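S.K.: everything below, folded, please.
(one chain, ligands or ions: 1)
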Amino acid sequence: MSNFYLDNPDILHHLQHMDLEQVIRLKEQDFAQHGVYAHAPQDLPDALDNYHRVLEIVGQIAGDFVAPRADAVDREGARFEDGAVHYAQGTKEALERLAQADLMGFTLPREYGGINMPKTVYSMAIEMISRADASLMNLFGLQEIADTICKFGSREQKERYLPRFCSGETSGAMALTEPDAGSDLQSISLRADQNEDGGWVLNGVKRFITNGCADVSLVMARSEPGISGGRGVSLFIYERDEHMRIRRIEDKLGIHGSPTCELQFQDAPAELLGERKKGLVKYTMSLMNGARLGVAAQAVGVAEAALREAKGYARQRVQFGQSIDRFLPVTEMLAEMQVSIQAGRSLLYETSRLVDIKEGLEELAERDPEQAKSRKDALKRYTRYSALFTPLVKAYTSEVVNDICDMAIQIHGGTGYTKDFPVERLYRDARITNIYEGTTQLQVVAAIGGIMTGTFFDWLDVLEQDTDLSSLPAQLEGARECRKACEAAVAQIKERADSRFQEFHARRLVDMAAETGMAYLLVRDALHLDHKRDAAELFVSRAVRRVHSRREAICAQNQVWFDKAQTLLG
Ligand SMILES: Cc1cc2nc3c(=O)[nH]c(=O)nc-3n(C[C@H](O)[C@H](O)[C@H](O)COP(=O)(O)OP(=O)(O)OC[C@H]3O[C@@H](n4cnc5c(N)ncnc54)[C@H](O)[C@@H]3O)c2cc1C
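M.R.: Now for the predicted structure:
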């Protein structure tokens, strides 16, 4: 028996010690639903207990049911036969099991059959599912489609679609990417034309669509013939029929259980979601930000799996008369992995908490504008935090999981390069996380503004005001040193007043901010969690080193790479 929640003290302790009061009050509308719905909690401890029980179920399914099938799913993969997509047997069984456990409407309101969990708990669940099988997470995580319909759809659309998603009867897909429009989504060309009767039809091709065989897809299309760029784009709900043909599925490096489809739409009837022209700037951005958080959780889950595999192997593999985990170079790799995962997890849950508060305040503004008035400034602040931290955590975790899987293979030596152990699959599965939902380079583009304009430093101020970190003076000093280095780098970039210089150093600055933020978070976590003290000390000392080296690169007189990189390539 294996439970991926109960065997992970780090997740358990986060749930116990995180400050979730605001999140819970907003999500539960101050417990107004207690007595109306069977499982609606009556107070804060009841809500936390509820989260704990749900996570225990997810952990049990992940550990006992999904993980044992992951290897077979990887070998069998999703198949494309006679124009139809077929999931691997293990994927089918796992989806049925998740639906039976009522987990397919994870964040959706109870009135539609959902279980009304906050994003923070959803991130924990995604992490555990991904630890078991990263490819299954792609299908489980597509609950974001229902979430987007819930946020922006009409009452009638919500009633029509959401109960089907919650029961697991309906699966979703998000169809944004096209052959000539990947990172640059505003250049999509799939057309939406309006009929005389007001209905819409879609024509064109979408590429790389995860679960493109879904019953319901959100399709981004160009609806305004005279308007180029993002303003000419709307988002449509498309219910699968004979007007969409799956041309093929991709033969991929990893996540074999997740079908990646190329779709041809031919006069396919669709309905508008929300308002015209807001398809990219509002709805898709919201959808993608939710999915980015999901990918960050996926990355942490895969990293956790790789660490456990590497630790287990290192303990039992004997060379030179002793188990290899006693050799310091191996010990160091394992420690590096563990510290990076704990840091990434802290950043993931903090980001999820910020997003939960932002979304709760948005929902309050819709439901009760009068009560929301006094919280307008808070909504603005949490909107800025979410816009910064979502790409920040996606960038960090998706890069670090690749390093972690690389180290896991290294620790396995030659067997790591074979299919005899799961690390080979984990290494392949990890590789997609820093590509989809926007590559790391695009996360940097999204995050840099929040660092340059001070949102990041504002969040650090609030963290220090709200929490007394002084009982860990050495670690706090290190975290503050990192902050100073970030401030110096921002000042240098501003002084140069050259957008190319900022673009060139943006990745370095985003990495500095991520490490600084995690240094503070680990110091904060270490106040409650003893097992975090060592992690905090190790992480902070490494962060200081790394942050300084990046600051030096940004502030150096000699900018030879900036000056010469382009000339070198001709
Ligand atoms: C397995 C898989 C599943 C996917 N699932 C979905 C899905 O469900 N729905 C969907 O709509 N899409 C999906 N995608 C598409 C995915 O989101 C895109 O592949 C990704 O956003 C990158 O786009 P691209 O492949 O066109 O690369 P490009 O945009 O061509 O980028 C190529 C390189 O150029 C860099 N680059 C581009 N622009 C910039 C810039 N401004 N600054 C710096 N560097 C830049 C990129 O970082 C990258 O290194 C999926 C892709 C894969 C492989």
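S.K.: okay, CA-based contacts and neighbour counts for the rest of this
M.R.: Will do.
S.K.: check the secondary structure at residue 238 for me.
M.R.: Secondary structure, DSSP: H, G, I helix; E, B strand; the rest coil: residue 238 is strand.
S.K.: could you check how far it is from residue 201?
M.R.: Residue 238 sits 9 Å away from residue 201, going by Cα to Cα, to the nearest Å.
S.K.: which of these two has more neighbours?
M.R.: Between residue 238 and residue 201, residue 238 has the larger neighbour count (other Cα atoms under 10 Å), namely 25 against 21.
S.K.: any idea what that one is bridged to?
M.R.: Following DSSP bridges, residue 238 is listed with bridge partners residue 217.
S.K.: surely it meets residue 217?
M.R.: Yes. Between residue 238 and residue 217 there is a contact under Cα atoms under 8 Å: 5.2 Å.
S.K.: rewinding a little: overlap in contacts of residue 238 and residue 201?
M.R.: When Cα atoms under 8 Å, 6 or more residues apart in numbering defines a contact, the residues bordering residue 238 and residue 201 alike are 268-270.
S.K.: selecting buried members of the residues you listed in ChimeraX, what would you type?
M.R.: Selection of buried members from the shared contacts of residue 238 and residue 201 for ChimeraX, criterion 16 or more other Cα atoms under 10 Å:
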select :268,269,270
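S.K.: how is the closest residue to residue 264 other than its chain neighbours assigned, secondary-structure-wise?
M.R.: Once flanking residues are discounted, residue 264 sits nearest to residue 205: 4.6 Å by Cα to Cα, 6 or more residues apart in numbering. Following three-state DSSP, residue 205 is assigned to strand.
S.K.: hmm, residue 205 is touching residue 261, no?
M.R.: No. Checked against Cα under 8 Å, the pair residue 205 and residue 261 is beyond contact range at 10.6 Å.
S.K.: could you pull out the helices for the stretch 1-150 of the chain?
M.R.: 9-17, 21-27, 44-60, 67-76, 89-100, 119-132, 134-140, 143-152 (DSSP state H, counting those that start in this stretch).
S.K.: what does the chain put close to the ligand?
M.R.: 174-177, 181-183, 208-210, 260, 435-439, 441-442 (Cα under 6 Å from any ligand atom).
S.K.: same thing but at 8 Å, please
M.R.: For the chain, the residues in contact with the ligand (Cα under 8 Å from any ligand atom) are 173-184, 206-212, 250, 252, 254-255, 258-260, 432, 435-442, 445.
S.K.: please list the members of these that lie in helices.
M.R.: 440-442, 445 (DSSP state H).
S.K.: any idea of the mean pLDDT for the longest helix that the chain contains?
M.R.: Longest helix of the chain, by residue count under DSSP H: helix 328-367. Mean pLDDT, helix 328-367: 97.
S.K.: what's the angle between it and helix 119-132?
M.R.: Here the directions of helix 328-367 and helix 119-132 differ by 140 degrees (axes from the mean of the first three to the mean of the last three Cα atoms, to 10 degrees).
S.K.: give the buried residues for the very next helix or strand once past helix 328-367.
M.R.: Once the chain leaves helix 328-367, the next helix or strand it forms, by DSSP states H and E, is helix 369-372. Of all the residues in helix 369-372, those buried under the rule 16+ other Cα under 10 Å are residue 372.
S.K.: remind me what helix 369-372 packs against, helices and strands.
M.R.: helix 328-367 (3 or more Cα pairs under 8 Å, 6 or more residues apart in numbering; DSSP states H and E).
S.K.: kind regards, and thank you for your time.
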